[in-house]
Each structure stands twice: as structure tokens, then as C-alpha cells.
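> The amino acid sequence is not available; the structure is as follows:
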């Protein structure tokens, strides 16, 4: 996502370090400036789309947690119906019943695979986008300090960019947190499901 006119646009800015006095001069060549404005606009749109997708994925992670727990509860209830200790008519779990439990566990595994795929896809996209947006954020801070006329389009593009930059970075943090929590629920529920599958395989007393 690096703008090809980046070097020429910021030739005079390259020597300026964060924290130096304001008043940076920005070259105002129309074609060069327009190219970087377009770059910032595209980057802003990409960050907004990523943040929206991350929000959707985080909601799906939360929904997956509920499904893991619901499937485990259903498996527990099915197994309990065939437990002699509960006074049921059946004293053993049939092969069909074992198969139903295994299918339920397989459904949970399928849901988890979808969670992993969604997270992996976004995670693969984020490094390049983080690098490009972080660089652009630093440049926009310099642009906002520019004092000469003729760069209003750059300043406007930077304002829109900075408005999307914060939510984008927060979205990455929220996505990671949601995934970590979802994985903890999955680990716990999967262990319970495996215990139930082992219990279903145990011979009747």
C-alpha cells in the first residue's frame, strides 16, 4: 500500500523527526499531492472495511462460544438419558447413540474450524495494513503541522484517515481479545466433550 510518489512528496519531510518544531513545508505539486491524497483515501477505506470485518468476526466468535456450550449441554443430556444411575430403561449406550454424540462433537469441531479460518484470514491481512497505516499516521501528523497554503486537500484526507486509524487499531486489539477468549471456551468445552465421548464408549456395569 505504499504510495509510489511517497519519496518525492516527502523529500523535505524525511529529515524531520517526531517532536521537532511545527511548520513543516509540504511540496504542493498537484500531481504528486493528488496521488498521495488518493493513497490516503484508499487506505482509509481499507482500514474501515477491515474494522467492520473484525467486528463481524468478533461477534461470530461470541456466537461460536454459545454453540460450543450448547452442543456440550446437548451431549451431556443425551448421555444422561442412558445412564443406569438415573433409572433409565436402557443400561447401555447404543452404537447409534454413540454416533450421534460423535456427530455433535464433529459439529463443534466444524464451528471451531470456521473460527480459525476467519481469524487467520484477518491476521494475514493485518501486518501490511498496520505498517502502511502507521507510516501514514506519522506523515499525516507532519502534514497537519504544515503552515503554507495549498495543502488543504492533504489535510482533509489526513483528517479522514486519522478518524479511521484509531478504530482500526482498536479493532485489531478487540479481535485478538475476542479470539483468545473464544479459544479458551473452545478448549474447556472440547475437553468436556471428549470426556462424554469416552463415557459413551465405556462398557455398561
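Looks like it came in fine. On a predicted model such as this, the values are computed, not experimentally measured, just so you know. Numbers count the residues shown, from 1 in each chain.

> quick one: pLDDT of residue 94?
For residue 94, the model assigns a pLDDT of 77.

> How about the one 4 residues further on?
In this prediction, residue 98 carries a pLDDT score of 85.

> Equivalent analysis for residue 5, please.
Residue 5 carries a pLDDT score of 33 in this model.

> Residue 57 now?
Listed pLDDT for residue 57 reads 94.

> Work out for me the element the closest residue to it other than its chain neighbours sits within.
Excluding the flanking residues, the one nearest residue 57 by Cβ to Cβ, 6 or more residues apart in numbering is residue 118, at 4.9 Å. C-beta coordinates here come from the backbone N, C-alpha and C atoms, glycine included. Residue 118 is part of helix 95-144, with elements assigned from DSSP states H and E.

> residues in contact with residue 105?
71, 75, 193, 194, 197 (Cβ atoms under 8 Å, 6 or more residues apart in numbering).

> what's the spacing between the host helix or strand of residue 38 and its chain's center?
Element membership of residue 38 [criterion: DSSP H and E] is helix 30-80. Chain-centre distance of helix 30-80: 5 Å, with Cα atoms, centre = their mean, to the nearest Å.

> buried ones in stretch 120-133?
Neighbour-count burial for stretch 120-133 flags 122, 126, 129, 132, 133 (criterion: 16 or more other Cβ atoms under 10 Å).
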